[in-house]
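Student: everything below, folded, please.
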Amino acid sequence: MKNNLNKYLKNHGFEQMRLKAVFFDMDGVLYDSMKNHAIAWVKASEDYNLGMSENDVYMNEGRTGFSTVDIFTQKQFGRNTSEEEVEEIYLCKMGYYNTLPEAQPMPGALSLLKQIKNDGFQIVLVTGSGQHSLLERLNHDYPDIFHSDLMVTGFDVKYGKPDPEPYLMAMQKAAVRPWEAMVVENAPLGVRSAVGAGAFTVACNTGPLPDTVFDDENANLILPSLQSLSDCWPVLRDTLS
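Tutor: Residues are numbered from 1 along each chain as shown. Take a look at the predicted model:
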């Protein structure tokens, strides 16, 4: 892992890293929810002729609902979408999503979060999701871990992932600099966002995409699961601190 750190420092022109905060994406990281999102997006896409495949969903994961719909509206119809269209299509997608079995916490996530909290690091949620019940669900599944003042959601950002904005905003909220932050992501565009913000970025490949996708986005470390990250956390912590 020392080699991963040295490459990160060289690529960003930083002299050292002093970890103070860890930023987490939600879908596909804290919750095993991406299978449901893929099913729901594809069904809504069929209803509105957006031409979205399951692979498209994973490749575009992390975008805001507006950005996702707008990209495929332009691709299929050669025009921009409207706020009204986005709301209608996103509500359709969420209608399908809510009929599916509730997504469960990702294996390894709770043990990882407890270690990070016990080690004294800040924990920040950074998600493109706009679910109003977000904090209530997180508090139930991950008690005493997340706080509303250390969250960046789809309601907070103008651009969203893959723009660096969400992670730059998270750094502001946590009062840390890029070399003091580590990001845990599962999506290529989330990795691009985090790398663009200058954070040390760990890609946990919990979905069907090949590792090369995350390597192409310059992830600093690629792991197969949250459990593997939880298992190696002590070594990674000591390397980055």
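Student: low pLDDT regions in this structure?
Tutor: 130-133 (pLDDT under 70).
Student: kindly recompute the last result at 80.
Tutor: 64, 129-135, 154 (pLDDT under 80).
Student: please enumerate the helices of it.
Tutor: Applying DSSP state H to the chain gives helices spanning 2-12, 34-48, 54-59, 65-77, 83-97, 109-118, 134-141, 165-174, 188-197, 211-216, 226-240.
Student: in a markdown table, list the ones you listed along with distance to residue 181 and mean neighbour count.
Tutor: Yep, even glycine has a C-beta here, placed from its N, CA and C like the rest. A markdown table is the format used below for those (distance: least, CB to CB, whole Å; neighbours: other CB atoms under 10 Å):
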| stretch | distance to residue 181 | mean neighbour count |
| --- | --- | --- |
| helix 2-12 | 12 | 13 |
| helix 34-48 | 24 | 19 |
| helix 54-59 | 25 | 18 |
| helix 65-77 | 23 | 18 |
| helix 83-97 | 30 | 16 |
| helix 109-118 | 12 | 18 |
| helix 134-141 | 20 | 15 |
| helix 165-174 | 6 | 21 |
| helix 188-197 | 8 | 26 |
| helix 211-216 | 18 | 15 |
| helix 226-240 | 10 | 17 |
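Student: reformat these as CSV; add distance to residue 203.
Tutor: What follows is the helices of the chain, written out as CSV (distance: least, CB to CB, whole Å):
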stretch, distance to residue 203
helix 2-12, 12
helix 34-48, 14
helix 54-59, 13
helix 65-77, 20
helix 83-97, 24
helix 109-118, 15
helix 134-141, 22
helix 165-174, 14
helix 188-197, 5
helix 211-216, 4
helix 226-240, 10
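Student: and of these, who's closest to residue 152?
Tutor: helix 165-174 (4.9 Å; CB to CB).
Student: report the angle between the closest one and helix 188-197.
Tutor: Angle of helix 165-174 versus helix 188-197, following axes from the mean of the first three to the mean of the last three CA atoms, to 10 degrees, is 50 degrees.
Student: which other residues reach helix 165-174?
Tutor: 20-21, 23, 122, 124, 126, 128, 149-152, 156-160, 177-178, 181, 183, 193-194, 196-197, 199 (CB atoms under 8 Å, 6 or more residues apart in numbering).
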